[in-house]
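Engineer: Sequence and predicted structure are below.
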Amino acid sequence: MPAGPAPAAPEPARPPAGRPAPGGQETILVVDDEDALRELSQRLLASAGYTVLTAGSGEEALEQYRARQKDISLVILDLNMPGMGGLKCLQGILAQDAGAKVLISSGYAAGGLAKAALAAGAAGFVAKPYRGTDLLAEVRQRLDQEGTPPA
């Protein structure tokens, strides 16, 4: 018996018809040591209306946060980076601003280091690789959480 047509490949997740991917006008700091991922996240977030700042290390992120704290509404922070690393960077950001919203990102499952970051005060976790719509939805959800918005 001949085989029927091959099943269609699943389509990437999209927002429901008539509803655009969530976006906004807030400023987001994207921290990732991988240039390609940092640039991809920057383009995705900017296309949704956000102002995007980037940092390639925890040390650079702390400098940017210190300089632009009042403007930054959310930090997307890679946990696994050389040097300072994501957890120490998270702790440094929260030491400067206890109300900071930090969404941690990792290619590893939400175990060990991710649990420590959440316990330390991170607002949420997004696993890499992520779909654009998933990242935008997670960003919007974290931005809309109760908390002190930037002045």
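Structural biologist: Perfect, I can see it now.
Engineer: Next SSE downstream of the lowest-mean-pLDDT helix or strand in the chain?
Structural biologist: For the chain, counting by mean pLDDT, DSSP states H and E, helix 112-120 ranks last in confidence among helices and strands (a mean of 84). Where DSSP states H and E defines the elements, the next helix or strand beyond helix 112-120 is strand 124-127.
Engineer: Now do residue 130 against residue 72, distance only.
Structural biologist: Noted for residue 130: a distance of 20 Å to residue 72, by Cβ to Cβ, to the nearest Å. Quick note: C-beta positions are derived from backbone N, CA and C, even for glycine.
Engineer: what's the burial count for residue 141?
Structural biologist: 13 (other Cβ atoms under 10 Å).
Engineer: Isn't it up against residue 126?
Structural biologist: No: if you go by Cβ atoms under 8 Å, residue 141 and residue 126 don't touch, sitting 10.2 Å apart.
Engineer: Between these two, which contacts overlap?
Structural biologist: Counting by Cβ atoms under 8 Å, 6 or more residues apart in numbering, residue 141 and residue 126 have no contacts in common.
Engineer: Show me how far the least confident helix or strand of the chain is from its chain's centre.
Structural biologist: Mean-position distance between helix 112-120 and its chain equals 15 Å (Cα atoms, centre = their mean, to the nearest Å).
Engineer: ok, and for that helix, which residues are buried?
Structural biologist: Buried residues in helix 112-120, counting neighbours by 16 or more other Cβ atoms under 10 Å, are found at 113, 114, 117, 118.
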